[in-house]
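Engineer: need a 3D model of the following:
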Amino acid sequence: MRGPAQARENLIPINNVSALEAAIVEPVSCALNGQNLAKVAGADTVLVAGAGPLGLIHIRLAKAQGVRQVISVEPNQARHDIARASGADLVLAPSDDIADRIRECAPDGIDVVIMAIGRPEAMTPYLGVLAPGARISVFAGFNSEARLEFVANDIHYNEYEIVGASSCRLENFQQVAPMINDGRLRVADLIGTQLPLDRAVEAIDLAASGADMRVGVDVWA
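Structural biologist: Residues are numbered from 1 along each chain as shown. Coordinates of the predicted model:
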């Protein structure tokens, strides 16, 4: 495809993966943008709330960035195995004693919480186990009525940082593409059902249902 010369800097080469895997570069770049804003690199313990496709990407990126301990919290037991396979050191289902269970394995507290699920109640259990200077990444989208509540003095005295993350930057693409290209970051297993272009509406409906992982539309099938 021909394009203007001034757009050349926006072209990201990727050569050794399928087109469907290459399409995952964009959501991974969004996740990396969120992790950069929350200063995940160098963190000791990161908690990822939600193990959907983007939650799994966050787990893999955090491990790729050298995080020692990644905790995944996911209510769907069927996703626990893939969360472990993605690199999570501890996988938990939400429970009344989850804060105590986290405190046992992370006595110094959680450095970063990544909200990869758009439910305010998914944040509440972890507020008591944050390390001083912890960062909270509001990564997922929420409904228009959703509210997150914090005790002001907790933010003040513990110097917490709360950051939002939406979309990505060109440099995120430039960082992520080589990681997928050379296999440092696995994404093929995040693509569930793959359908031809003439079934694209069906693919969109399936993706919206949440019953599958990332749904691929192969225009060459």
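
Engineer: against M179, how distant is V163?
Structural biologist: 22 Å (C-beta to C-beta, to the nearest Å). No exception for glycine: its C-beta is placed from N, CA and C like everyone else's.

Engineer: look at the two and report which has more neighbours.
Structural biologist: M179 (18 against 15; other C-beta atoms under 10 Å).

Engineer: for stretch 200-208, buried residues please.
Structural biologist: Buried residues in stretch 200-208, defined by neighbour count with 16 or more other C-beta atoms under 10 Å: A203, L206, A207.

Engineer: and stretch 191-200, by the same measure?
Structural biologist: Per 16+ other C-beta under 10 Å, stretch 191-200 contains these buried residues: I191, T193, L195, R199.

Engineer: among those, which ones are in strands?
Structural biologist: Of the buried residues of stretch 191-200, the ones assigned to strands by DSSP state E are I191, T193, L195.

Engineer: quick one on the thing from earlier: which of the buried residues of stretch 200-208 lies closest to S18?
Structural biologist: A203 (16.0 Å; C-beta to C-beta).

Engineer: where does that closest one sit: helix, strand or coil?
Structural biologist: helix (DSSP: H, G, I helix; E, B strand; the rest coil).

Engineer: what's near enough to touch it?
Structural biologist: T193, L195, V215, G216, V217 (C-beta atoms under 8 Å, 6 or more residues apart in numbering).

Engineer: quick one, phi psi at the residue nearest to G50 when sequence neighbours are not counted?
Structural biologist: Excluding the flanking residues, the one nearest G50 by C-beta to C-beta, 6 or more residues apart in numbering is I117, at 3.1 Å. Backbone torsions of I117, given as degrees, to the nearest 10, read phi -140, psi 130.

Engineer: what's the pLDDT at I117?
Structural biologist: Predicted confidence (pLDDT) for I117: 92.

Engineer: number of nearby residues for R68?
Structural biologist: Quick note: R68 (other C-beta under 10 Å) scores 12 neighbours.

Engineer: sorry, back to before: ok, so of the ones in strands among the buried residues of stretch 191-200, who is nearest T45?
Structural biologist: Nearest to T45 among these, with distances taken as C-beta to C-beta, is I191, at 29.4 Å.

Engineer: so what's the closest one bridging to?
Structural biologist: R214 (DSSP bridges).

Engineer: wait, it touches A22, no?
Structural biologist: No: using C-beta atoms under 8 Å as the test, I191 is too far from A22 to be in contact (10.9 Å).

Engineer: where along this protein do the helices fall?
Structural biologist: 19-23, 25-37, 53-64, 80-85, 98-105, 152-158, 170-181, 200-209 (DSSP state H).
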